[in-house]
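Visitor: Build the 3D model from these lines:
(one chain, ligands or ions: 1)
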Amino acid sequence: MSLQIRDLHVSYGTRPVLLGVDLDVPDGELTAVLGPNGSGKSTLAKVVARIARPASGSVTVDGRDLHSLPRREHASVVAYVPQVSATPFDLTVRDMVMLGRTPHIGMRPRAQDHEIVDRELGRLRLGELATRPMAELSGGQAQRVLVARALAQEPRVLILDEPTSALDLRYQVETLEVVREVAIDRSVAVLVVIHDLNHAAWFCGHSALLHEGRVLRSGHPTETFDAATLSQVYGLEIDVTHPAPGMVEVRPRSMSASAARRTVAPVLEPASTSV
Ligand SMILES: Nc1ncnc2c1ncn2[C@@H]1O[C@H](COP(=O)(O)OP(=O)(O)OP(=O)(O)O)[C@@H](O)[C@H]1O
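Guide: Down below sits the predicted model:
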């Protein structure tokens, strides 16, 4: 187990936001952090990324306290893709991904650093954009560059805060597949804040449901996604089905009902044949 979070309390000023969070993020798979707006997901991600400081509790990686590591060492262990990010306007896509190598390089990038950057540009299908300025990218393209930068960092722990929020369906699926592949191949512990419960169920072997600053449920999505709990947490009637062993599907009940009411027209009419 590489990333362990124990009894974590975080406040903004006098307002408590995380109230004793315990979470294990296993190596080699994705852990989804789920929950309604304002439940504390990004705050949890920021504490691991050392952007927010805990009032108490611990965050350890392989038994080492993340908040006591020297900055450079922390950066070589943890990569973070924030929910929103200001883009340094005069960087090209390639320069931006090379920034991921910063904790590993000395005076200047070596041939190996360039190879790693090329590999990640290819993996995220950014090769053709490599020389483009960041300022000219679409929101989805820029989001994929940030994921590529985090992968180029070759971290032990990868923290992704809504990494697919700007992506079209194909890139949502491809990006989560790439991250899962990297998690397995390099035994990385990945914590991903995500709103899409079905994507969480497809791609994540582990999940934690946050509610009002506490982890209400954690475990495999088939255990965490329970209709009564989800309905209570999201304030909406939710149906949960298990289409196959180990799989789980989530749907708001209003959608299930309207789908059942709709008369489905046949997509293809048989061609009329005249003799
Ligand atoms: N910098 C800040 N200063 C003060 N309060 C903050 C700050 N950042 C977040 N909060 C508050 O902390 C609570 C948790 O915010 P957080 O961003 O962690 O939630 P979240 O679960 O990630 O939400 P969302 O799904 O909307 O992204 C919210 O009530 C938010 O208003």
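
Visitor: Please make it C-alpha for all contacts and neighbour counts, starting now.
Guide: Fine.

Visitor: SS state for the residue nearest the centre of the chain?
Guide: By Cα atoms, centre = their mean, the chain has its centre lying nearest to residue 192, at 2.6 Å. Under DSSP: H, G, I helix; E, B strand; the rest coil, the three-state class of residue 192 is strand.

Visitor: what's it in contact with, if anything?
Guide: Contacts for residue 192 (Cα atoms under 8 Å, 6 or more residues apart in numbering) come out as 30, 31, 32, 33, 159, 160, 161, 162, 163.

Visitor: Residue 227 now?
Guide: Contact analysis of residue 227 by Cα under 8 Å, 6+ apart lists 237, 238, 239, 240.

Visitor: Show the model's pLDDT score for residue 121.
Guide: Listed pLDDT for residue 121 reads 97.

Visitor: quick one on the thing from earlier: may I see the contacts of residue 192 arranged in JSON lines, with secondary structure, pLDDT and neighbour count as well?
Guide: Converted to JSON lines, the contacts of residue 192 look like this (DSSP: H, G, I helix; E, B strand; the rest coil; pLDDT from 0 to 100; neighbours: other Cα atoms under 10 Å):
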{"residue": "30", "secondary structure": "strand", "pLDDT": "97", "neighbour count": "27"}
{"residue": "31", "secondary structure": "strand", "pLDDT": "97", "neighbour count": "29"}
{"residue": "32", "secondary structure": "strand", "pLDDT": "97", "neighbour count": "31"}
{"residue": "33", "secondary structure": "strand", "pLDDT": "98", "neighbour count": "29"}
{"residue": "159", "secondary structure": "strand", "pLDDT": "97", "neighbour count": "27"}
{"residue": "160", "secondary structure": "strand", "pLDDT": "97", "neighbour count": "26"}
{"residue": "161", "secondary structure": "strand", "pLDDT": "96", "neighbour count": "24"}
{"residue": "162", "secondary structure": "coil", "pLDDT": "94", "neighbour count": "20"}
{"residue": "163", "secondary structure": "coil", "pLDDT": "91", "neighbour count": "23"}
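
Visitor: For stretch 8-22, list every residue counted as buried.
Guide: Buried positions in stretch 8-22, judged by neighbour count with 16 or more other Cα atoms under 10 Å: 8, 9, 10, 11, 17, 18, 19, 20, 21, 22.

Visitor: hang on, the first one packs against residue 57?
Guide: Yes: using Cα atoms under 8 Å as the test, residue 8 is close enough to residue 57 to be in contact (4.2 Å).

Visitor: give me the element residue 98 is part of.
Guide: Here residue 98 is covered by helix 93-98, with elements defined by DSSP states H and E.

Visitor: Just the mean pLDDT for that helix, thanks.
Guide: In this model, helix 93-98 has a mean pLDDT of 96.

Visitor: After it, heading C-terminal, what element do we hit next?
Guide: Assigned by DSSP H and E, the successor of helix 93-98 is helix 111-123.

Visitor: in that following helix, what's buried?
Guide: Buried residues in helix 111-123, defined by neighbour count with 16+ other Cα under 10 Å: 113, 116, 117, 118, 119, 120, 121, 123.
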